[in-house]
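Peer 1: just coords:
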């Protein structure tokens, strides 16, 4: 079926969107980050030093992450925030460190070593608390990712003026929100962004994880309005007009997990004047990854290292 490149999602940004998120940020800013970092010799190698990191986030949930830096690096390093997919475990970001970046790979609540205080499971995360914006799972999940910026700004080896963010699928959705809410992010790469156009996506695809919402509404049809009202606060399209940094975004035209139409819609809503869209015909949820990786590398080389 032909993809509608002019598709417009039905989400309406709530009038109190900024007020809501300002309140959330005020709550988390009152919580001491209290970062800890321990060298992981088993996961380090001849090129990269890897550390296990923990820090505090919203509701005093302790968040884990992997932090990697080039071995023997001197001077300030550009930094990267690597954001995880929905079901996959966040990777140890040795590849970015080997390319000359200080990289933090975040494990938001419910992921790997961040499960002690919150663990809705998979499936489960997408619909946990979905009838109330104050209890919805992604309220804390988003902030857990955003606080990685604070960790990087506290590191003496990091050049705080050159921070990037990268992610695909759920990581792409997180990349949208972090670049919208943390102006320290100078450049962002977004692949097959999940968490955009929620209520459109559940009609455009019947694949999981979006189909979790259809399952929920099948059981609780009377809650549809509450669900729609809640997810508007978390929809990437609602955040997009706050993004001012350099952006690249890519989709696969045959993606049946995250409909490409929602990728076009969120890209159109992004406010940045420095943005570029890539589409890959013949590709699904990988969004042309193996061809696009070189474009991502070149993008960050130019934006964070001053390359051409």
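Peer 2: Now that the structure is in, tell me what you want to look at. Note that the structure is a prediction, hence the values are computed from the model and not measured.

Peer 1: pull up the gap between the residue in the chain sticking out farthest from the centre and residue 131, please.
Peer 2: Largest separation from the mean C-alpha position in the chain: residue 222, at 30.5 Å (Cα atoms, centre = their mean). Remark: distance between residue 222 and residue 131 (Cβ to Cβ, to the nearest Å) = 10 Å. Glycine gets a C-beta too; all of them are placed from N, C-alpha and C.

Peer 1: next, count neighbours for the nearest residue to residue 231 once chain neighbours are set aside.
Peer 2: Spatially, and ignoring its direct neighbours in sequence, residue 231 is nearest to residue 198 (4.3 Å; Cβ to Cβ, 6 or more residues apart in numbering). Close neighbours of residue 198, defined as other Cβ atoms under 10 Å, add up to 25.

Peer 1: buried ones in the longest strand seen in the chain, by neighbour count?
Peer 2: Using DSSP state E, we find that the single longest strand of the chain is strand 158-168. Residues of strand 158-168 classed as buried by neighbour count (16 or more other Cβ atoms under 10 Å): 158, 159, 162, 163, 164, 165, 166, 167, 168.

Peer 1: isn't the fifth one right next to residue 80, touching?
Peer 2: Which is residue 164. Yes. Using Cβ atoms under 8 Å, residue 164 makes contact with residue 80 at a distance of 5.1 Å.

Peer 1: shared neighbours of these two, anything?
Peer 2: Here residue 164 and residue 80 share the contacting residues 101, 300, scored by Cβ atoms under 8 Å, 6 or more residues apart in numbering.

Peer 1: helix or strand for residue 247, which one?
Peer 2: Assessed by DSSP states H and E, residue 247 sits inside strand 246-252.

Peer 1: mind giving me the packing neighbours of the next helix or strand after that strand?
Peer 2: Next along the chain after strand 246-252, taking DSSP H and E as the criterion, comes helix 260-269. Applying 3 or more Cβ pairs under 8 Å, 6 or more residues apart in numbering; DSSP states H and E, we find helix 260-269 packed against helix 198-204, helix 236-239, strand 246-252, strand 275-280.

Peer 1: and residue 120, what helix or strand is that in?
Peer 2: Using DSSP H and E, residue 120 maps to neither a helix nor a strand.

Peer 1: nearest residue to it other than its sequence neighbours?
Peer 2: Once flanking residues are discounted, residue 120 sits nearest to residue 128: 4.1 Å by Cβ to Cβ, 6+ apart.

Peer 1: same check, this time on residue 208
Peer 2: Nearest residue to residue 208, sequence neighbours excluded (Cβ to Cβ, 6+ apart): residue 123, at 6.5 Å.

Peer 1: ok, now which ones touch the one you found?
Peer 2: Counting by Cβ under 8 Å, 6+ apart, residue 123 touches 208, 209, 212, 215.

Peer 1: quick one, helices of this structure?
Peer 2: Using DSSP state H, the helices found in the chain span residues 17-29, 94-98, 137-153, 170-181, 198-204, 211-219, 224-231, 236-239, 260-269, 289-305.

Peer 1: what's the closest of those to residue 67?
Peer 2: Closest approach to residue 67 among the helices of the chain is made by helix 137-153 (7.7 Å; Cβ to Cβ).

Peer 1: quick one: that closest one to chain centroid distance?
Peer 2: Mean C-alpha position of helix 137-153 versus that of the full chain (Cα atoms, centre = their mean, to the nearest Å) differs by 9 Å.

Peer 1: report the central residue of the protein.
Peer 2: With distances taken as Cα atoms, centre = their mean, residue 174 lies nearest the centre of the chain, 1.7 Å away.

Peer 1: measure that residue to residue 154 for me?
Peer 2: 21 Å.

Peer 1: count of residues packed around residue 286?
Peer 2: Look at residue 286: counted by other Cβ under 10 Å, it has 19 neighbours.

Peer 1: what sits against it?
Peer 2: Contacts for residue 286 (Cβ under 8 Å, 6+ apart) come out as 192, 252.

Peer 1: switch to 10 Å and redo it
Peer 2: Neighbouring residues of residue 286 by Cβ atoms under 10 Å, 6 or more residues apart in numbering: 168, 169, 191, 192, 250, 252, 254, 255, 257, 280, 292.

Peer 1: list phi and psi for it.
Peer 2: Backbone geometry at residue 286, expressed as degrees, to the nearest 10, gives phi -70, psi -20.

Peer 1: quick one: buried ones out of the contacts of residue 123?
Peer 2: Applying 16+ other Cβ under 10 Å to the contacts of residue 123, the neighbour count classes 208, 209, 212 as buried.

Peer 1: who's in contact with residue 129?
Peer 2: 120, 135, 136, 137, 138, 139, 140, 230.

Peer 1: now it: how far from residue 83?
Peer 2: In terms of Cβ to Cβ, residue 129 sits 21 Å off from residue 83.

Peer 1: quick check: pLDDT value at the nearest residue to residue 144 once chain neighbours are set aside.
Peer 2: Excluding the flanking residues, the one nearest residue 144 by Cβ to Cβ, 6+ apart is residue 108, at 3.7 Å. As predicted, residue 108 sits at a pLDDT of 89.
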